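# Pasting the sequence and the predicted coordinates here, then a few questions.
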Amino acid sequence: HPSIAMGLWEQIREGEPNHPEALSQLVGLYERDKSWDKLADVLEASAELASDDTERLTLLDKLGTVCGSRLKDEQRTADVWANVLALAPEHRKAFSELRKHSLANKDWDRLEWLFRNHGSVSDLTRTLEAQAKSLTDEETVPLLKKVAALWGEQDNVKKAVSALERVLGIEPEDADAAAQLIPIYENLSEWGKLVDVYDVVLNSTDDLDERRVILVAKAALNEEQLDDLDAAFFCFVEAYKEAPRADESVRDELDRLAAASANWEVYAAVLEAVVPTLGAEQQILTTLRVADVQFTQLGDSEAALRH
């Protein structure tokens with residue numbers, strides 16, 4: 001009787017867990033009895049003891065099916081198919097099952113490992129891109145960034161840009177995506193879009209040095225590419241007001257653009273506002289400069305005399 005035989009072989013395994021004949025007999029007995037947990041255990045033990053890879057693959061293939069179809073143990077199933085691929089890198093069933101598992105569990109790291117080692121980067125990219133269409137916004141953003149990086153890896157700038165722009169379509173203030181787009185837009189001469197991503201990065205940081213670098217770059221963009229002297233001037237207004245003692249070149253550019261854009265009233269007001277933050281000598285020089293602008297440019301002799 002099967003149950004008696006099963007009990008006898010189990011007793012033998014208690015004394016010798018890796019008894020080859022016991023394992024072999026119990027595979028068939030457990031399968032007929034639909035004892036799936038026990039069947040999985042003896043298949044796993046048998047695979048470890050297999051004399052060659054062919055036998056081991058046969059046992060692991062069966063184990064993967066039992067874990068997936070019968071036990072519904074997704075993690076164990078995935079581990080089994082990963083072991084199969086380690087033995088047979090071209091094993092299509094193992095690849096397919098691991099792909100299915102990774103997609104179902106949104107395990108993008110495992111999916112990436114799978115395609116990089118047993119598929120192609122282009123197929124990985126398209127698979128992730130397709131998945132991004134069916135996820136929540138919160139899930140989509142990091143996935144689109146990964147897609148963008150993968151397209152960049154394949155030198156497909158157009159599709160990398162498309163993925164990053166989709167990120168900004170979902171999260172308009174995503175500074176990471178904006179920062180990645182800055183050098184791309186520079187290379188593509190997308191000047192209007194470049195202004196927008198500069199602003200996103202500016203809004204995301206309080207670091208004065210970082211802000212100054214971006215504001216100077218934005219000013220150059222406005223002046224040289226967009227022919228907008230007013231916008232360039234106000235970039236330097238912002239940079240100078242935030243850190244009037246940090247970089248002398250910012251003040252030099254502020255002076256130059258005030259004249260070029262004829263924004264004398266704003267210029268004088270900015271200088272007057274920062275005077276208390278300057279060193280003694282600069283306070284005097286800046287106050288004299290304000291008086292000069294008020295007299296020569298704004299025609300306000302009374303205000304000039306007050307300084």
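Right, received. Where do you want to start?

# Let me see the ranges of the strands in the stretch 201-307 of the chain.
For the stretch 201-307 of the chain, no strands are identified by DSSP state E, counting those that start in this stretch.

# host element of residue 173?
Residue 173 belongs to no helix or strand when assigned by DSSP states H and E.

# For it, which residues are in contact?
200, 203-204 (CB atoms under 8 Å, 6 or more residues apart in numbering). Yep, even glycine has a C-beta here, placed from its N, CA and C like the rest.

# for residue 118, same thing?
Residue 118 neighbours (CB under 8 Å, 6+ apart): 85, 89-90, 95.

# With residue 139 instead?
So residue 139 contacts residue 106 (CB under 8 Å, 6+ apart).

# how does it look with 10 Å?
Going by CB atoms under 10 Å, 6 or more residues apart in numbering, residue 139 touches 106, 108, 131-132.

# And the residues you listed, which of them are buried?
Using 16 or more other CB atoms under 10 Å as the burial test, the contacts of residue 139 include 108, 131-132 as buried.

# With pLDDT as extra columns, can I get those in JSON lines?
Output for the buried ones among the contacts of residue 139, formatted as JSON lines (pLDDT from 0 to 100):
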{"residue": "108", "pLDDT": "95"}
{"residue": "131", "pLDDT": "96"}
{"residue": "132", "pLDDT": "95"}
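
# among those, which are in helices?
If you go by DSSP state H, the buried ones among the contacts of residue 139 have 108, 131-132 in helices.

# Closest to residue 298 out of the residues you listed?
Closest approach between these and residue 298, by CB to CB: residue 132, at 55.9 Å.

# Contact partners for the closest one?
139-144, 146-147, 163, 166-167.

# which pair in the residues you listed spans the largest distance?
For these, the maximum inter-member distance is 14.4 Å, found between 139 and 163 (CB to CB).

# if we can go back for a sec, quick one: which of the contacts of residue 173 is nearest to residue 73?
Distance to residue 73, by CB to CB, is smallest for residue 204 among the contacts of residue 173, at 43.5 Å.

# Wait, that closest one touches residue 172, no?
No: the criterion here is CB atoms under 10 Å, and residue 204 misses it with residue 172 at 11.4 Å.

# Looking at the two, which one has more neighbours?
More crowded of residue 204 and residue 172, by other CB atoms under 10 Å: residue 204, with 16 against 12.

# That one and residue 144, how far apart?
Using CB to CB, to the nearest Å, we find residue 204 at a distance of 18 Å from residue 144.
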